[in-house]
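[1] quick one: sequence and predicted model below, then my questions.
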Amino acid sequence: MAGQHRGFFHVLSRGLYFVILVGGAVVMLIPFVWTVSTSLKPLSLSLAFPPVWWPHPFEWGNFSAVFQEVPLAHWFLNSTIVAGAVTVGNLILDSLAGYALARIDFKGRTFLYIGTLAMMMVPFQAVMLPVYLLLRQLGLLNTYWGMILPTLVSSMGIFLMRQAFLNLPQELDDAATMDGCGRLRMFWQISLPQVTPTMLTLALITFVGSWNNFLLPLLVANLPHLWTLQLGIVEFQSQYATQWPLLMACSVLITIPVAVLFLIFQRWFVRGIVMSGIK
Amino acid sequence: MKMEADFASADKGRGLGPRPLRQKMSRMRLNDLFAGYAFSLPSVIVLFVFTLGPALAAFYLSFFSWSLLNHMHFVGLSNFWGLLHYSVFWIAVRNSVIFACVVVPVQTAIALALAVMLNQNLPARGFFRLAFYFPSISSSAVITLIFMWMFNQLGLFNSFLSWLGLPQPDWLGSPHFALPTIMIMNIWTTSGAFMIIFLAGLQGIPMNLIEAAAVDGATSWKTFRNVTLPLLRTTMFFVVVMGVIGTLQMFDQSFIMSGGTGGPLHSTTTVVLLIYNFIFNYGNVGYGAAATVLWFIFIMGATLATNKWLGQSVEY
């Protein structure tokens, strides 16, 4: 009897959870659905009351109009250059440093490791003023380098790579040393291939973080030809504040690359967030 | 942290072998010293130039008066003094603190609740995880624009409120509702990412502890309150600290929504937005640096307080 009771409540609570989760998913997805829906409407229909969810016919013209109104392709190029360079830089430099901190035994290693951990506590916002002044001094304002260099290395990335290298067995290293293998070759040919999942995770987090970065391009790029997508769309909004279908079409276009990466590599994104959460 | 392991491995390979081997060993140690620095130095330099150096420079600059155009001159502590008597600074501090105090508890609770529910063996878990997590990989610029569209006076959200027969405030234009709009947006954006962290934490809890509690006749709420929650302490600590740091640094959303002004009536001016405006609009680098220093100390303090509250690890 008690068991039956338990079973009943169990089923009830599971059903309740499911309903709440469906409600939550609806709340999470409505803004995106509304964005896509708006992007396919003529301006007049976008302001209709009650709201129209399924425009008929679709106003595909909004998407081509965006390309005529703003240099979207050029912003796309800028975002790709910056995010691509930042990703490559982080992959190389974070993995080299992470390898040294995990597998090479040298004097000063612990000091460097603790220093790297401490850098994780300094968010970019806390140093944006001096970084801006430094870039200004170096003549890097309004350059790609100005948007790339400050995020070329991430202490979180070094930490992730270090954790991955720590888990590799020592025997392979020892065998390679016996065979007279140098450190760089050992890193490149033996250790690196074993941590490719972490490299992929790091690449994804870094690329998306850089692609979505707003503050750094805002500080560095005053000239329109250097604007990234995020900077460009905000500028677009301030000029065409009422053109919501065009703005939403633009939002859809600049989110597509990240959404595609996310759908393909969902597991790795999740892994990344979990790994950065476990210390 | 695996510090002990590092120290242990640092002593490996120091055994005294026959002489040729010892020579080989010391050559290897020299090679390792070289390789260790060659591998880590590029990163160390970039971190030094763009993180540590600027953090120290902020302290230095806070003692000077400088508009970027004139010559710097030393003014001692007067930037701090001036800042503490500048009413907008306190408005910004109040906004940032209120923002953190509302957003962190709410997003943590939502993330935890979602994670606990998703940890059950329910259908379509993968879909839910995808749906909840997706907002946190979208850019702050796009999400802010979407919310400006949904929350404007004639927008979707007010249509919904009017359908319910509720009053429809001017979310973005009213000083009472602009900051709450950003709060809603932030909670909506970040809850999913923290849910994933909680989910990982939940999966690390040994099942037999939960089962033991159930066998002892504990209700599911009691099990959650007395077994699950204490075991999630480390995860909770991480989520709260990340939440506190993230919310106290809020900038993009305020900047975009108010067009950089922090309006209406300073109601969305956060400390970071004020620092930005000190440099770019008020031409007052010293005040910006002083605010940076004070805010950095405040965030450190908040982090340490969280550590005191939630930091102790749990043995099981």
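    Now that the structure is in, tell me what you want to look at. Numbers count the residues shown, from 1 in each chain, chains lettered A, B, ... in the order given.
[2] from here on, contacts and neighbour counts on C-alpha atoms
    Will do.
[3] which residue is nearest the middle of the chain?
    Assuming you mean chain A. With distances taken as CA atoms, centre = their mean, residue A:208 lies nearest the centre of chain A, 2.2 Å away.
[4] not quite, go with chain B.
    Residue closest to chain B centre, computed by CA atoms, centre = their mean, is residue B:246 at 2.5 Å.
[5] sec struct for that one, please.
    Using DSSP: H, G, I helix; E, B strand; the rest coil, the structure places residue B:246 in helix.
[6] ok, the residue of the stretch 101-250 of chain B found nearest chain A - contacts?
    Taking CA to the nearest CA, chain A has its nearest neighbour within the stretch 101-250 of chain B at residue B:139, 4.6 Å off. Residues counted as contacts of residue B:139 (CA atoms under 8 Å, 6 or more residues apart in numbering or on different chains) are A:211-213, A:230, A:255.
[7] from these, which two are the most distant?
    Within these, A:213 and A:255 form the most distant pair, 12.8 Å apart (CA to CA).
[8] settle it for me: which of these two has more neighbours?
    residue A:213 (22 against 18; other CA atoms under 10 Å in any protein chain shown).
[9] quick check: the more buried one vs chain B, distance?
    7 Å (CA to the nearest CA, to the nearest Å).
[10] quick check, pLDDT for that residue.
    Residue A:213 carries a pLDDT value of 96.
[11] surely it touches residue A:227?
    No - in this structure, residue A:213 is not within contact of residue A:227 by CA atoms under 8 Å, at 11.6 Å.
[12] point out where the chain drops to low pLDDT.
    All of this refers to chain A. A:1-6, A:276-279 (pLDDT under 70).
[13] think we crossed wires, I meant chain B
    Using pLDDT under 70, chain B drops low at B:1-25, B:311-316.
[14] residues in contact with residue B:156?
    Here residue B:156 is in contact with A:51, B:149-150 (CA under 8 Å, 6+ apart).
[15] in helices, which of these fall?
    B:149-150 (DSSP state H).
[16] looking at the contacts of residue B:156, state which has the most neighbours.
    residue B:149 (25 neighbours).
[17] can you tell me which of the contacts of residue B:139 is nearest residue B:51?
    Among those, and counting by CA to CA, the member closest to residue B:51 is residue A:213, at 16.9 Å.
[18] point me to the residue of chain B nearest chain A.
    residue B:40 (4.1 Å).
[19] so residue 180: helix, strand or coil?
    All of this is about chain A. coil.
[20] now do the contacts for it.
    No contacts exist for residue A:180 under CA under 8 Å, 6+ apart.
[21] most proximal residue of chain A with respect to chain B?
    Nearest to chain B in chain A, going by CA to the nearest CA, is residue A:97, at a distance of 4.1 Å.
[22] that residue contacts residue A:158, doesn't it?
    Yes - using CA under 8 Å, residue A:97 is in contact with residue A:158, at 6.2 Å.
[23] so which of the contacts of residue B:139 comes closest to residue A:43?
    residue A:255 (21.4 Å).
[24] for the closest one, which non-adjacent residue is spatially closest?
    Excluding its sequence neighbours, the residue lying closest to residue A:255 (CA to CA, 6 or more residues apart in numbering or on different chains) is residue B:138, at 6.7 Å.
[25] so the one you found touches residue A:253, yeah?
    No - if you go by CA under 8 Å, residue B:138 and residue A:253 don't touch, sitting 12.0 Å apart.
[26] so between those two, which is more surrounded?
    The residue with more neighbours, out of residue B:138 and residue A:253, is residue B:138; 21 against 18, by other CA under 10 Å.
[27] wait, what's in contact with that one?
    A:212, A:255, A:258-259.
[28] excluding chain neighbours, what is closest to the residue of chain A closest to chain B?
    residue B:40 (4.1 Å).
[29] for that neighbour, give me its contacts.
    A:93, A:96-98, A:100-101.
[30] now stretch A:244-263: buried residues?
    Within stretch A:244-263, the residues scored as buried using 16 or more other CA atoms under 10 Å in any protein chain shown are A:244-255, A:258-259, A:262.
[31] among these, which ones are in helices?
    Using DSSP H, these in helices are A:244-255, A:258-259, A:262.
[32] how close does the residue nearest to the centre of chain B get to residue B:112?
    Per CA to CA, to the nearest Å, residue B:246 is found 18 Å from residue B:112.
[33] for chain A, which helix is longest?
    helix A:2-39.
[34] how distant is that one from the center of its chain?
    28 Å (CA atoms, centre = their mean, to the nearest Å).
[35] buried ones in the next helix-or-strand element following that helix?
    Per DSSP states H and E, the first helix or strand lying C-terminal to helix A:2-39 is helix A:43-46. Within helix A:43-46, the residues that count as buried by 16+ other CA under 10 Å are A:43, A:46.
[36] check whether helix A:43-46 comes near chain B.
    No - under the criterion of CA under 8 Å from any CA of the partner chain, helix A:43-46 makes no contact with chain B; the nearest approach is 9.3 Å.
[37] okay, now residue 178: neighbour count?
    Let's take chain A. 9.
[38] oops, chain B please
    23.
[39] now do the phi/psi pair for residue B:74.
    As for residue B:74, its main-chain torsions (degrees, to the nearest 10) stand at phi -70, psi 130.
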